[in-house]
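**Student:** Next input, structure requested:
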Amino acid sequence: MPHYNAYDSFKTKKSIEKKQRAKEKAFGKKTDKVDNFIIDGCDEYGVVIESRYDDAYVLYNGEVVLANLRKDINFGCNQVVFPGDKVDIEETNGTYVIEHLLNRTSILSRTKKDSTRLNDVGQTKNIASNVDLAVIVVAAKEPPLHPKFIDRYLMILQNSNIPAIICLNKCDLKTEKEEEILSIYRKLGIDIVETSTYSNIGIDELKARLINKQAIFVGNSGVGKSSLTNAIMGNEEIKTSHVSDKSKRGRHTTTTSKYYIWEENSSIIDTPGIRSLDVSSFNPIEIQDYFPEFESWKDKCKYKDCLHFNEPYDSCIVKQGVLSGLISIDRYESYLRIMSDALNIKDYSEILDSVKPEEVKKKLK
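**Tutor:** You can find the predicted model right below:
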């Protein structure tokens, strides 16, 4: 299974070279200072709670302190350290300085498909570090459950080597339609927890998954990530908001990733909600490796480099698996959409139609 360097997972060669030029501009031709900044360990370290442009809030020796990067690191603080990072701190006369960053076990990044005031489309954004478990939070209603969003996040998390579970929030609004969607992921062996912060359902079950872990909540705006964090922490200090009545899409409430400790050795990183997720820079040949249900089929295709996309039906065993119902047609459609983005092809409807039984086609007419 492919796994890419977490810093460069979604960057093109050009952007990597641009990053290197920026380093050289800041430090000269040699980048020893950057290398010296990252260390294997130290006697005492702090954990970054929130990173801002000029400084970061760090949990250090049982209290939250405001710390700056050391002066020779000529980058914005939020370009260097992220929630969950372990940092070596030095204090002089009440002033705290981040002297070193401890090596990370993981880093979660994403490429933005939607633009904001601070970030452009296509820009890679690091979200959090040292994550033990990611919780993909979705809602039964308001906003509606979008499985293709789940598929994209599963790709990104697997690419970052971060285990994931799905949390269906607002489960008291669940219908048979949502249950059918969830059954697809249950068959893939993905753990699913159902919760309702309004009815206090499943919170203890979710806590059991998160104990002794540094977890991260990810998902669309309005699905209830901050409400879940409130419920787990037993307070309502985190700002929450409702779904827009007009668009039925969530409003952005959390604007930066933030770190919360709810139990000893147990923490949550609450992330800003997003409305779209770009995976178009994944290698088209390797996208199929993120769909485990293809595993027992793909090697039987006529062509070894089969993408299960434009190839003829007769030569693609994966397409035949979809038509026979042994591979979920919804997951295959998600695969086609991702492949279309990666190949810059706008319409995949004919490919999808080719694997739909006639009775399904009649229902769609």
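**Student:** if I pick Y335, what's in contact with it?
**Tutor:** 151, 287-288, 291, 294, 308 (Cβ atoms under 8 Å, 6 or more residues apart in numbering). The C-beta positions use only the backbone N, C-alpha and C, and glycine is treated the same way.
**Student:** Kindly present the residues you listed as TSV, with separate columns for secondary structure and pLDDT.
**Tutor:** Listed next are these as TSV, based on DSSP: H, G, I helix; E, B strand; the rest coil; pLDDT from 0 to 100:
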residue	secondary structure	pLDDT
D151	helix	95
I287	helix	96
Q288	helix	95
F291	coil	96
F294	helix	95
H308	coil	96
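**Student:** now that we have the residues you listed, which one has the most neighbours?
**Tutor:** Among those, the one with the most neighbours (other Cβ atoms under 10 Å) is H308, at 25 neighbours.
**Student:** Strands of this protein, residue ranges please.
**Tutor:** 38-39, 46-51, 56-60, 63-69, 86-92, 95-102, 107-111, 124-129, 133-139, 164-169, 192-194, 214-218, 258-263, 266-270 (DSSP state E).
**Student:** now the last one and strand 133-139, what's the angle there?
**Tutor:** Taking axes from the mean of the first three to the mean of the last three Cα atoms, to 10 degrees, strand 266-270 and strand 133-139 form an angle of 50 degrees between their directions.
**Student:** Can you list the buried residues in strand 266-270?
**Tutor:** Judged by neighbour count using 16 or more other Cβ atoms under 10 Å, the buried positions of strand 266-270 are 266-270.
**Student:** Report the lowest-confidence entry in these.
**Tutor:** The lowest pLDDT within the buried residues of strand 266-270 belongs to D270, with 88.
**Student:** what's across from that residue in the sheet?
**Tutor:** F217, K258 (DSSP bridges).
**Student:** now it: how far from G46?
**Tutor:** 19 Å (Cβ to Cβ, to the nearest Å).
**Student:** what does D314 give?
**Tutor:** 60 Å.
**Student:** cool, and E333?
**Tutor:** E333 is 46 Å from G46, by Cβ to Cβ.
**Student:** hang on, F75 packs against V81?
**Tutor:** No - the pair F75 and V81 fails to qualify as a contact (Cβ atoms under 8 Å) at a distance of 9.8 Å.
**Student:** between those two, what contacts are shared?
**Tutor:** In contact with both F75 and V81: L69, using Cβ under 8 Å, 6+ apart.
**Student:** Looking at the two, which has the bigger crowd around it?
**Tutor:** Between F75 and V81, counted using other Cβ under 10 Å, the more crowded position is V81 (22 against 14).
**Student:** ok, back up a step: among E333 and G46, which residue is more densely surrounded?
**Tutor:** Per other Cβ under 10 Å, whichever of E333 and G46 has more neighbours is G46, with 23 against 20.
**Student:** Quick check: beta-bridge partners of that one?
**Tutor:** Note on G46: beta-bridge partners by DSSP bridges are V87.
**Student:** What sits closest to the most centrally placed residue in the chain if chain neighbours are left out?
**Tutor:** Residue closest to the average C-alpha location in the chain (Cα atoms, centre = their mean): Y153, at 4.9 Å. Nearest residue to Y153 in three dimensions, chain neighbours excluded: I136, at 5.1 Å (Cβ to Cβ, 6 or more residues apart in numbering).
**Student:** okay, the one you found: pLDDT?
**Tutor:** 96.
**Student:** what's it in contact with, if anything?
**Tutor:** 150, 153-154, 157, 164-167, 218-219.
**Student:** burial count for N93?
**Tutor:** 4.
**Student:** Please report the distance of it from G62.
**Tutor:** Distance, N93 to G62, by Cβ to Cβ: 20 Å.
**Student:** Equivalent analysis for L188, please.
**Tutor:** From L188 to G62 the distance is 42 Å (Cβ to Cβ).
**Student:** cool, S106 as well?
**Tutor:** 25 Å.
**Student:** Isn't G46 up against L59?
**Tutor:** Yes - the pair G46 / L59 is scored as a contact, 5.9 Å apart, by Cβ under 8 Å.
**Student:** per-residue confidence at the residue in the chain sticking out farthest from the centre?
**Tutor:** Distance to the chain centre peaks in the chain at N93, reaching 39.3 Å (criterion: Cα atoms, centre = their mean). Looking at N93, its pLDDT stands at 89.
**Student:** roughly how far apart are it and E63?
**Tutor:** For N93, the distance to E63 equals 16 Å [Cβ to Cβ].
**Student:** How about I317?
**Tutor:** In terms of Cβ to Cβ, I317 sits 59 Å off from E63.
**Student:** These two - which one has more neighbours?
**Tutor:** Remark: of I317 and E63, I317 carries more neighbours, 20 against 8, as counted by other Cβ under 10 Å.
**Student:** How about that one, nearest residue that isn't a chain neighbour?
**Tutor:** Nearest to I317 is K300, by Cβ to Cβ, 6+ apart, at 4.3 Å.
**Student:** pretty sure the one you found contacts S315?
**Tutor:** No - the criterion here is Cβ under 8 Å, and K300 misses it with S315 at 10.4 Å.
**Student:** and E44, how many neighbours does it have?
**Tutor:** For E44, the neighbour count with other Cβ under 10 Å is 8.
**Student:** What backbone torsions are found at it?
**Tutor:** Phi and psi for E44, reported as degrees, to the nearest 10, are phi -130, psi 140.
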